[in-house]
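Enquirer: Fold the following, please.
(2 chains)
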Amino acid sequence: DAKTTQPNSMESNEEEPVHLPCNHSTISGTDYIHWYRQLPSQGPEYVIHGLTSNVNNRMASLAIAEDRKSSTLILHRATLRDAAVYYCILMLGSNSGYALNFGKGTSLLVTP
Amino acid sequence: KAGVTQTPRYLIKTRGQQVTLSCSPISGHRSVSWYQQTPGQGLQFLFEYFSETQRNKGNFPGRFSGRQFSNSRSEMNVSTLELGDSALYLCASSLIQHSTDTQYFGPGTRLTVL
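Expert: Numbers count the residues shown, from 1 in each chain, chains lettered A, B, ... in the order given. Purely as a prediction, here's the structure:
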C-alpha cells in the first residue's frame, strides 16, 4: 500500500490560516487523497478528498502538487474547534474492497 | 438522518472472556468497516463488510471476527480477550464501496480488559 508522511504536530494561532502538509511519493495514478480529522473523544470525520485537481469545500481546501507526490490541507481561518489530529490517507481507485490506512496523523494545536 | 450508532459505548471485561460489539450504519449505507484505536498503534483497520460479505480484512488474529446482517447492521466479536485488546473500537459506514466514498464514523465502543 502507498504510504503517507505527515509531521507529528503543528501549532497555529486562532484565525490564522493553517497549511498541513502530506507527502505520498509512492502514490499511484488511481489513488485518491483523503483527509480525515479526529477531534478529542470523537470518531474521525471526513474533511475533503481529491485526485488531481485542487478541491474546496466548506471545511477546507486541498492543494495537490502537479506530480501528486504531495498535498496540503488548508484551513483558511483556524478556530479552537479545529484542534484535532488530521490524517492524510490514500485510497485505491477501484471498486474492490478498501480500507482507510490512517497512519499517525498531525496533531494540530490552535492557540487563542 | 441519524448517524452511525454503536453499542455499548463502554464495556469492561476480564481476560479470557468474549465480547460482542454492535454497529448500526446510516440508513441506506451498505458498507461497514471496523477499526481499533490504541495509543500505541493508532487507528488500525480490522475488516470491512459489504452486502453481508467480508470484502477486506486487516492484520488481526482470528480471535477478531465480524458479520453483517441483511439490514446492514454489523457486529464484531472478540474471543478469549487479552489485556492488549483494550481499545476504542470504531465503526464506519459508507454508501456503497468506492474509493471516493466518505466514511462516517460512530462514537466508538471503549473496551477495557482487566
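
Enquirer: remind me which residues of chain A are low pLDDT?
Expert: For chain A, the stretches with pLDDT under 70 are A:1-2, A:92-98.

Enquirer: switch the cut-off to 90
Expert: By pLDDT under 90, the low-scoring segments of chain A are A:1-3, A:26-32, A:40-41, A:53, A:89-104.

Enquirer: Where do the strands of chain A begin and end?
Expert: Secondary structure of chain A (DSSP state E): strands at A:9-13, A:18-23, A:32-38, A:45-50, A:55-56, A:61-64, A:70-75, A:84-91, A:106-111.

Enquirer: The shortest one vs chain B: in contact?
Expert: No: Strand A:55-56 does not reach chain B (CB under 8 Å from any CB of the partner chain); its nearest approach is 11.4 Å. C-beta here means a position set from N, CA and C on the backbone, and glycine is covered the same way.

Enquirer: other SSEs contacting that strand?
Expert: strand A:61-64 (3 or more CB pairs under 8 Å, 6 or more residues apart in numbering or on different chains; DSSP states H and E).

Enquirer: Report whether the strand it packs on contacts chain B.
Expert: No: no part of strand A:61-64 sits near chain B under the criterion CB under 8 Å from any CB; the closest distance found is 13.2 Å.

Enquirer: Return the backbone torsion pair for residue B:40.
Expert: With angles defined as degrees, to the nearest 10, residue B:40 sits at phi -80, psi -40.

Enquirer: Now for it, how many residues are close by?
Expert: A count of neighbours around residue B:40, defined by other CB atoms under 10 Å in any protein chain shown, yields 6.

Enquirer: ok, it - contacts?
Expert: Residues near residue B:40 by CB atoms under 8 Å, 6 or more residues apart in numbering or on different chains: none.

Enquirer: And for the one 4 residues further on?
Expert: Listed by CB under 8 Å, 6+ apart, the contact partners of residue B:44 are A:102, B:35, B:36, B:37, B:38, B:58, B:59, B:60.

Enquirer: from the residues you listed, which single one is nearest residue A:42?
Expert: Nearest to residue A:42 among the contacts of residue B:44 is residue B:37, at 11.3 Å by CB to CB.
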